[in-house]
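Asks: Just need the structure, nothing else, for what follows:
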Amino acid sequence: MAAELVAIEAVAGAAIEALLDRAFGTDRHQRTAYRLRAGTAPLAGLSFALVEAGALLGSIQCWPVRFLGDDGAEVPLVLVGPVAVEPARQQGGLGRRLTAAALAAADARGLNLMLIGDPDYYGRFFGFTAAATAGWRLPGPVERHRLLARGAGVPHGDGTIAPRVTASA
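Replies: You can find the predicted model right below:
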(Lines give C-alpha, C1' and ligand atoms only; values in the text may rest on other atoms or scores of the structure.)
Protein backbone atom coordinates (compact mmCIF):
# COMPACT_ATOMS: atom_id res chain seq x y z
CA MET A 1 0.00 0.00 0.00
CA ALA A 2 1.38 3.42 -0.93
CA ALA A 3 1.49 6.24 1.57
CA GLU A 4 -1.40 8.69 1.19
CA LEU A 5 -0.82 12.45 1.39
CA VAL A 6 -3.46 14.08 3.61
CA ALA A 7 -4.07 17.49 5.14
CA ILE A 8 -2.34 17.65 8.50
CA GLU A 9 -5.68 18.43 10.14
CA ALA A 10 -6.68 14.81 9.37
CA VAL A 11 -4.09 13.52 11.86
CA ALA A 12 -4.30 13.81 15.63
CA GLY A 13 -2.04 16.52 17.02
CA ALA A 14 -0.67 14.09 19.63
CA ALA A 15 0.46 11.74 16.84
CA ILE A 16 2.28 14.58 15.09
CA GLU A 17 3.97 15.62 18.35
CA ALA A 18 5.06 12.04 19.05
CA LEU A 19 6.52 11.74 15.54
CA LEU A 20 8.41 15.02 15.98
CA ASP A 21 9.82 13.75 19.28
CA ARG A 22 11.03 10.54 17.60
CA ALA A 23 12.50 12.40 14.63
CA PHE A 24 14.09 15.38 16.43
CA GLY A 25 14.17 14.58 20.13
CA THR A 26 12.19 15.89 23.06
CA ASP A 27 14.49 18.92 23.44
CA ARG A 28 13.44 20.28 20.03
CA HIS A 29 11.33 23.06 21.58
CA GLN A 30 14.51 24.95 22.51
CA ARG A 31 15.44 25.53 18.85
CA THR A 32 15.17 28.94 17.19
CA ALA A 33 12.55 27.71 14.71
CA TYR A 34 10.21 27.01 17.62
CA ARG A 35 10.57 30.60 18.79
CA LEU A 36 9.47 31.73 15.33
CA ARG A 37 6.36 29.56 15.59
CA ALA A 38 5.34 30.91 19.01
CA GLY A 39 1.66 31.82 19.20
CA THR A 40 0.84 30.57 15.71
CA ALA A 41 -0.76 27.48 14.21
CA PRO A 42 0.37 25.50 11.17
CA LEU A 43 -1.06 26.88 7.95
CA ALA A 44 -3.94 24.86 6.54
CA GLY A 45 -3.46 23.98 2.90
CA LEU A 46 0.35 24.08 3.26
CA SER A 47 0.84 21.47 6.01
CA PHE A 48 0.56 17.76 5.22
CA ALA A 49 1.01 14.24 6.56
CA LEU A 50 1.76 10.88 4.96
CA VAL A 51 -0.31 7.97 6.25
CA GLU A 52 -0.05 4.29 5.32
CA ALA A 53 -2.50 1.67 6.60
CA GLY A 54 -3.52 4.08 9.37
CA ALA A 55 0.06 4.71 10.52
CA LEU A 56 1.62 8.17 10.42
CA LEU A 57 4.85 8.05 8.40
CA GLY A 58 5.71 11.73 8.11
CA SER A 59 4.57 15.31 8.34
CA ILE A 60 5.44 18.79 7.19
CA GLN A 61 4.19 21.96 8.81
CA CYS A 62 4.35 25.49 7.46
CA TRP A 63 3.99 28.55 9.67
CA PRO A 64 3.18 32.24 9.22
CA VAL A 65 6.16 34.52 9.92
CA ARG A 66 7.13 38.00 8.79
CA PHE A 67 10.17 40.05 7.92
CA LEU A 68 10.24 43.39 9.73
CA GLY A 69 12.75 45.46 7.78
CA ASP A 70 14.93 48.07 9.41
CA ASP A 71 13.55 50.37 6.69
CA GLY A 72 9.97 49.83 7.93
CA ALA A 73 9.00 47.23 5.34
CA GLU A 74 6.90 44.31 6.53
CA VAL A 75 6.87 41.24 4.31
CA PRO A 76 4.84 38.09 5.06
CA LEU A 77 6.78 34.84 4.77
CA VAL A 78 6.04 31.17 5.31
CA LEU A 79 8.41 29.19 7.52
CA VAL A 80 8.71 25.68 6.06
CA GLY A 81 9.26 22.89 8.55
CA PRO A 82 9.64 20.83 10.48
CA VAL A 83 9.69 17.99 7.98
CA ALA A 84 9.58 14.78 10.01
CA VAL A 85 9.70 11.17 8.85
CA GLU A 86 9.38 8.10 11.03
CA PRO A 87 13.03 7.16 11.74
CA ALA A 88 12.66 3.62 10.34
CA ARG A 89 11.34 5.08 7.04
CA GLN A 90 13.91 7.86 6.55
CA GLN A 91 16.02 7.99 3.37
CA GLY A 92 13.14 6.67 1.28
CA GLY A 93 11.95 9.91 -0.32
CA LEU A 94 9.04 10.58 2.03
CA GLY A 95 10.48 13.88 3.29
CA ARG A 96 11.08 15.02 -0.27
CA ARG A 97 7.50 14.09 -1.19
CA LEU A 98 6.12 16.07 1.76
CA THR A 99 8.30 19.09 0.95
CA ALA A 100 7.34 19.02 -2.72
CA ALA A 101 3.64 19.00 -1.78
CA ALA A 102 4.00 21.96 0.59
CA LEU A 103 6.06 23.96 -1.91
CA ALA A 104 3.62 23.26 -4.75
CA ALA A 105 0.77 24.57 -2.59
CA ALA A 106 2.81 27.65 -1.61
CA ASP A 107 3.88 28.30 -5.20
CA ALA A 108 0.24 28.13 -6.33
CA ARG A 109 -0.45 31.00 -3.91
CA GLY A 110 2.68 32.97 -4.83
CA LEU A 111 4.07 32.80 -1.29
CA ASN A 112 7.61 33.65 -0.21
CA LEU A 113 9.27 30.94 1.83
CA MET A 114 12.06 30.56 4.36
CA LEU A 115 13.51 27.69 6.32
CA ILE A 116 16.41 26.71 8.50
CA GLY A 117 18.02 23.65 6.96
CA ASP A 118 20.71 21.96 4.90
CA PRO A 119 21.64 24.41 2.13
CA ASP A 120 22.95 21.70 -0.21
CA TYR A 121 19.81 19.58 0.05
CA TYR A 122 17.23 22.37 -0.05
CA GLY A 123 19.16 24.22 -2.73
CA ARG A 124 19.62 21.24 -5.03
CA PHE A 125 16.09 19.85 -4.80
CA PHE A 126 13.96 22.90 -4.04
CA GLY A 127 15.77 26.10 -5.07
CA PHE A 128 16.35 27.60 -1.62
CA THR A 129 19.40 29.87 -1.15
CA ALA A 130 20.95 32.10 1.50
CA ALA A 131 21.40 34.95 -1.01
CA ALA A 132 18.81 37.23 0.64
CA THR A 133 19.17 36.27 4.29
CA ALA A 134 22.54 37.70 5.39
CA GLY A 135 20.91 40.66 7.15
CA TRP A 136 18.05 38.74 8.73
CA ARG A 137 17.90 38.50 12.54
CA LEU A 138 16.11 35.66 14.33
CA PRO A 139 14.97 35.26 17.94
CA GLY A 140 17.77 32.83 18.72
CA PRO A 141 20.96 31.34 17.36
CA VAL A 142 21.17 30.10 13.78
CA GLU A 143 23.99 29.02 11.53
CA ARG A 144 23.84 31.75 8.85
CA HIS A 145 24.44 29.40 5.94
CA ARG A 146 21.40 27.35 7.01
CA LEU A 147 19.01 30.34 6.88
CA LEU A 148 17.45 29.93 3.45
CA ALA A 149 14.72 31.58 1.38
CA ARG A 150 12.82 31.08 -1.88
CA GLY A 151 10.39 33.27 -3.80
CA ALA A 152 10.20 36.30 -6.06
CA GLY A 153 9.29 38.66 -3.22
CA VAL A 154 11.77 37.50 -0.60
CA PRO A 155 13.16 40.62 1.09
CA HIS A 156 16.83 41.52 0.76
CA GLY A 157 18.22 43.67 3.52
CA ASP A 158 18.44 44.00 7.25
CA GLY A 159 15.51 43.08 9.42
CA THR A 160 14.00 40.74 11.97
CA ILE A 161 12.04 37.55 11.37
CA ALA A 162 9.13 37.25 13.79
CA PRO A 163 5.93 35.23 14.21
CA ARG A 164 2.94 36.45 12.19
CA VAL A 165 -0.21 35.71 14.13
CA THR A 166 -2.84 35.15 11.46
CA ALA A 167 -5.15 32.45 10.20
CA SER A 168 -4.10 32.66 6.54
CA ALA A 169 -0.92 32.44 4.50
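Asks: For the rest of this, base every contact and every neighbour count on C-alpha atoms.
Replies: OK.
Asks: if I look at Ala132, how far off is Ala101?
Replies: 24 Å (C-alpha to C-alpha, to the nearest Å).
Asks: scratch that, Ile8
Replies: For Ile8, the distance to Ala101 equals 12 Å [C-alpha to C-alpha].
Asks: Could you spell out the sheet neighbours of the helix or strand containing Ala162, each with its direction?
Replies: Using DSSP states H and E, Ala162 falls within strand 159-163. Counting by DSSP bridges, the strands paired with strand 159-163 are strand 55-69 (antiparallel), strand 136-137 (parallel).
Asks: any chance of those in a markdown table, plus mean neighbour count, distance to Ile116 and mean pLDDT?
Replies: Output for those, formatted as a markdown table (neighbours: other C-alpha atoms under 10 Å; distance: least, C-alpha to C-alpha, whole Å; pLDDT from 0 to 100):
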| stretch | mean neighbour count | distance to Ile116 | mean pLDDT |
| --- | --- | --- | --- |
| strand 55-69 | 23 | 12 | 97 |
| strand 136-137 | 19 | 12 | 98 |
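Asks: Indicate which one of those is closest to Ala108.
Replies: strand 55-69 (14.6 Å; C-alpha to C-alpha).
Asks: who does the helix or strand just after the closest one touch, helix- and strand-wise?
Replies: Later in the chain than strand 55-69, the nearest helix or strand by DSSP H and E is strand 74-85. Secondary-structure packing of strand 74-85 (3 or more C-alpha pairs under 8 Å, 6 or more residues apart in numbering; DSSP states H and E): helix 13-24, strand 55-69, helix 94-109, strand 113-116.
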